[in-house]
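Student: coordinates for the following, if possible.
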Amino acid sequence: QVQLVESGGGLVQAGDSLRLSCAASGGTFSGYAMGWFRQAPGKERDFVAGISWSAGSTFYADPVKGRFTISRDLAKNTVTLQMNSLNPEDTAVYYCTAHSHWSYTTTRGLTSQDTYWGQGTQVTVSS
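Tutor: Sure thing, here's the model as predicted:
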């Protein structure tokens, strides 16, 4: 059973940086894509960033390009989201995800046959 545990959320001010981490266990992630999604109050859950576990290819949603960086550590089975230049619009619950049989398009974002979700971590950016 795949388990994803996020950490690193918190309250920061606009312009600050924050790093989220996700510890993945319970599976062999070769061939998977790992991702981060977020959900702001009253809004749908949106794709933020993704990375192919084996090749390390990365992809980002337009609102975070140039500010967020996703990476993975194959030895530690962790995925990290480095968030810089945060603004109040980044306030949301952030979820770590694991995707098998996945695909990515700029129009649909990251989709997959099976998706696993972490419990989420709150990020709040004050103005």
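
Student: scan this protein for its longest strand.
Tutor: strand 92-105 (DSSP state E).

Student: between whichever strand or helix holds residue 6 and strand 92-105, how many degrees?
Tutor: Under the criterion of DSSP states H and E, residue 6 resides in strand 3-7. Angle of strand 3-7 versus strand 92-105, following axes from the mean of the first three to the mean of the last three Cα atoms, to 10 degrees, is 130 degrees.

Student: contacts for strand 3-7?
Tutor: 20-26, 94-98, 116-121 (Cβ atoms under 8 Å, 6 or more residues apart in numbering). The C-beta positions use only the backbone N, C-alpha and C, and glycine is treated the same way.

Student: filter those down to the buried ones, ChimeraX style.
Tutor: Filtering these down to the buried ones (16 or more other Cβ atoms under 10 Å) takes a single ChimeraX command:
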select :20,21,22,24,94,95,96,97,98,116,118,120,121
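
Student: which of the contacts of strand 3-7 fall within strands?
Tutor: Those of these mapping onto strands are 20-25, 94-98, 116-117, 121, per DSSP E.
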